[in-house]
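Trainee: one predicted model, sequence on top.
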Amino acid sequence: MTPRLWGVPLACVALAVVLPLAGAAGVINQPDIDVFSYGVLAGMLALSLNIITGYAGPVSLGQVAFLGMGAFTTGLVATKLHLPLTLAFLVAVVGSTAVGALAALVVGLPALRLRGIYLALSTFAFADAVDHYFFNVQQLTGLGSGITVPRPHLLGVSLHEASRYVVVPLIGLALVWMFDVRLRHGRLGRALVALRENEDVAASFGVRVAWSKLAAFMASGAVAGFTGALFAYQVTVVNHSSFTFDQSLFYLIIVVVGGLGSRGGVLVAGMLFTALPRWLSFLQEWNFIVASLLLVVTLARHPGGLPSMWAEARDRRALQKGQDDLDAVLPSMGRRRPPKEDERDGSAVGGSARGARLQVEDVTVRFGGVTAVDAAGLEVAPGVRVGLVGPNGAGKSTLFNVISGLVRPTAGRVLLDGVDLTNLPPYERAARGMSRTFQQIGLVKDASLVENLLLAQHCGLPGGPGALFGSGPARRREKEALELAHELLTDIGLASYAEVRVGSLSGGQQRLVELACAIAPNPRLLLLDEPSAGLSPAAAEHLAEQLAAVSESYSTSILLIEHHLPLVTAVCDECYVLDSGAVLAHGPTAEVLRRSEVAAAYLGETRP
Ligand code: ADP
Ligand code: MG
């Protein structure tokens, strides 16, 4: 994390030393430095938008409204509170940041219900309302004449000249950058990237979907409000005409062209699109058009922007260099060390006390007219491996979704160790030791292998401000999680691809990563949905040994959906057969699979 964390801040500090000297010596004109300051502030605003739209996904059409609220808050503090200039500056910065965060919290609330275009429209509605009912109040914003914000002295030095004030945006950018790195590469950032791609997968890893989205909005609003404060001191006259809707739209284009989610790309795009037209006046009228053209080209050619092209090239190189030892080496995650004593339940007798008891009672799921699951019941005893087989469309995956909390059953209950989970959200179930895989591979394809393995340990990692600002205990836990991630990658033979994005791997490799993710949180109940799909025959064969070994060394209860019957026979002590949503047969695996009605269900014949 270090070069990523310190590179830009160090450059900011260097510029904060050089530019005032260069300005004083007349090497660089004051107006040029002024333009540079605007560029830095624009870069910061673009970074704030990137948090919400780039990392978490929701399109924010009102980012400039947060900037404006921050700027006017600063205006009010500077003119109404009659504080000494320097104190006013500090109060204004803190106040604007808080106002930005609170406003974003309000905007984020609809995000708990709305998605896609509707959510984008609600952010637009907010920005429009702010423009009409807040920015148009004479007492708050001074309307056409605006509010004058006198620049402060800091440490006895007047910041009146552009070549001195530039230090402020540069320090601001350094802070925002470090905040952004911590956010993105910590627990919350991983959760956001997972949400952007697949909410069900994120929730199954234990992410609180609603809360994480709100946190993203607040972080984004806080950065925008903070930028607003520095912007107010930059322009010195805050006028509502700076915060119009087309500006918000412009920043959205900047973030897409810079590369959604790419910190460096977004910063550079924000700075260039703002500074260049001020330097090269002929660009001014064409700025929006040039940006729109670049947007079209980006979307048509590379929706992820230039940075995603680099990332793809890097993945390709890593894949060529690394050895694809998937078939050659027996992936050995089953041989992992058993969990530490203190991770086991108190009464660990031979470990079997860790596995959870799962009871599914009379669960029915209807999708409109389709009854996907029909009064199905099953039980997995602690530490026991149970198979779930049946033809396609039998309702197996739906039943998994009910157990893991992604689908509310129409009727029936799900109990874990006797506790009714039926109304608990997925993250609560993950926190109770439930871990699952998906038929269509439940990973974050756009994140690296290591990031996925860290995401899988989401529940075990501390969250909140401590994690965001890197407190001691949070860092220690994060380090342990990282070690486990690398250990598991070594176990599945993919250690050399740790930084490669999952989407660049083959289906079989992804399947192994998914399995490693499923066991990373040290689950008490493991739900596996067709884990052998996509594996080579050799790897599928090894899978049986690995699953048995995992179950033994962790004493995990396992519920396994599988079409590859030899795998079921090798792994599972018991087996349920599901047909048309109902349990058709249950008993010891070999016996059940021999029965004639089971064969009939599989071959699609009418039942005897
Ligand atoms: P299996 O995993 O055993 O192949 P599924 O659980 O995926 O079966 O599907 C069971 C039935 O439920 C199928 O008829 C499928 O079309 C239907 N189904 C599954 N999910 C949905 C959904 N979200 N909406 C409507 N129908 C669904
Ligand atoms: Mg299925």
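Mentor: Thanks, I have the structure now. Predicted, not measured: the structure shown is a model, and the values here were computed from it. Numbers count the residues shown, from 1 in each chain. Ligands and ions are numbered 1, 2, ... in the order given.

Trainee: any idea which element the residue lying closest to residue 202 once chain neighbours are set aside lies in?
Mentor: Leaving aside its sequence neighbours, residue 202 sits nearest to residue 194 (CB to CB, 6 or more residues apart in numbering; 3.8 Å). The way it works is simple: take the backbone N, C-alpha and C, and place the C-beta from them, glycine included. Assigned by DSSP states H and E, residue 194 belongs to helix 187-197.

Trainee: and the contacts of that helix?
Mentor: Outside helix 187-197, the residues that touch it by CB atoms under 8 Å, 6 or more residues apart in numbering are 51, 55-57, 183-184, 201-202, 205, 207, 209, 212-213, 215-216, 219, 261, 444-447, 451, 454-455, 458, 461-463, 467-468, 478.

Trainee: can you get me a residue count around the residue nearest to residue 202?
Mentor: The local packing of residue 194 (other CB atoms under 10 Å) involves 28 other residues.

Trainee: ok, residue 143 next?
Mentor: Neighbouring residues of residue 143 were enumerated by other CB under 10 Å; the total is 15.

Trainee: got the domain ranges for this structure?
Mentor: For the chain, automatic domain parsing gives the domain ranges 37-238, 337-446+507-603.

Trainee: excluding sequence neighbours, find me the nearest residue to the closest residue to ligand 2 within the stretch 251-400 of the chain.
Mentor: Across the stretch 251-400 of the chain, the shortest distance to ligand 2 (CB to the ion) belongs to residue 397, at 3.2 Å. Computed as CB to CB, 6+ apart, the closest residue to residue 397 that is not its neighbour in sequence is residue 439, at 5.4 Å.

Trainee: give me the three-state assignment for that neighbour.
Mentor: Each residue gets one of three states, and residue 439 gets coil by DSSP: H, G, I helix; E, B strand; the rest coil.

Trainee: what is the burial count for it?
Mentor: For residue 439, the number of neighbouring residues by other CB under 10 Å comes to 14.

Trainee: can you pull the contacts of the closest residue to ligand 2 within the stretch 151-300 of the chain?
Mentor: Closest to ligand 2 within the stretch 151-300 of the chain is residue 200: 13.8 Å, counting by CB to the ion. Listed by CB under 8 Å, 6+ apart, the contact set of residue 200 reads 406, 426, 438, 442.

Trainee: ok so, going back, and the residue nearest to residue 202, how far from residue 488?
Mentor: Per CB to CB, to the nearest Å, residue 194 is found 18 Å from residue 488.

Trainee: which other helices and strands does the helix or strand hosting residue 47 contact?
Mentor: Using DSSP H and E, residue 47 falls within helix 30-49. Where contact means 3 or more CB pairs under 8 Å, 6 or more residues apart in numbering; DSSP states H and E, helix 30-49 is packed against helix 2-24, helix 63-80, helix 162-165, helix 167-184, helix 209-235, helix 245-258, helix 263-279.

Trainee: just name the most buried of the ones you listed.
Mentor: For the helices and strands packed on helix 30-49, the largest average neighbour count (mean count of other CB atoms under 10 Å) is found in helix 63-80, namely a mean of 27.

Trainee: heading C-terminal from it, find the next helix or strand.
Mentor: Trace forward from helix 63-80 with DSSP H and E and the next one is helix 85-108.

Trainee: what's the closest residue in space to residue 547 that isn't next to it in sequence in contact with, if anything?
Mentor: Excluding the flanking residues, the one nearest residue 547 by CB to CB, 6+ apart is residue 571, at 4.9 Å. Residues near residue 571 by CB under 8 Å, 6+ apart: 385, 387, 544, 547, 548, 551, 558, 560.

Trainee: likewise residue 58?
Mentor: Residue 58 neighbours (CB under 8 Å, 6+ apart): 52, 111, 119, 120, 123, 213, 216, 217.

Trainee: can we see that at 10 Å?
Mentor: Neighbouring residues of residue 58 by CB atoms under 10 Å, 6 or more residues apart in numbering: 52, 107-108, 110-111, 114-116, 119-120, 122-123, 195-196, 213, 216-217, 220.

Trainee: residue in the stretch 101-250 of the chain nearest to ligand 1?
Mentor: Scanning the stretch 101-250 of the chain for the residue nearest ligand 1 gives residue 200, at 10.7 Å (criterion: CB to the nearest ligand atom).

Trainee: what strand or helix carries that residue?
Mentor: Using DSSP H and E, residue 200 maps to helix 199-204.

Trainee: residue 375 belongs to a strand?
Mentor: Yes. Per three-state DSSP, residue 375 lies within a strand segment.

Trainee: surely it meets residue 366?
Mentor: No. Between residue 375 and residue 366 there is no contact under CB atoms under 10 Å: 11.4 Å.

Trainee: state the pLDDT value of the nearest residue to residue 111 once chain neighbours are set aside.
Mentor: Nearest residue to residue 111, sequence neighbours excluded (CB to CB, 6+ apart): residue 213, at 4.9 Å. The model reports residue 213 with a pLDDT of 92.

Trainee: ok so, going back, ok, of the contacts of residue 200, which one's closest to ligand 2?
Mentor: For the contacts of residue 200, the nearest to ligand 2 is residue 438 (9.2 Å; CB to the ion).

Trainee: quick one: the closest one from residue 515, how far?
Mentor: In this view, residue 438 and residue 515 are 12 Å apart by CB to CB.

Trainee: one step back: and the helices and strands packed on helix 30-49 as JSON lines, adding distance to residue 496?
Mentor: Formatted as JSON lines, the helices and strands packed on helix 30-49 follow (distance: least, CB to CB, whole Å):
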{"stretch": "helix 2-24", "distance to residue 496": "21"}
{"stretch": "helix 63-80", "distance to residue 496": "40"}
{"stretch": "helix 162-165", "distance to residue 496": "49"}
{"stretch": "helix 167-184", "distance to residue 496": "24"}
{"stretch": "helix 209-235", "distance to residue 496": "31"}
{"stretch": "helix 245-258", "distance to residue 496": "30"}
{"stretch": "helix 263-279", "distance to residue 496": "25"}
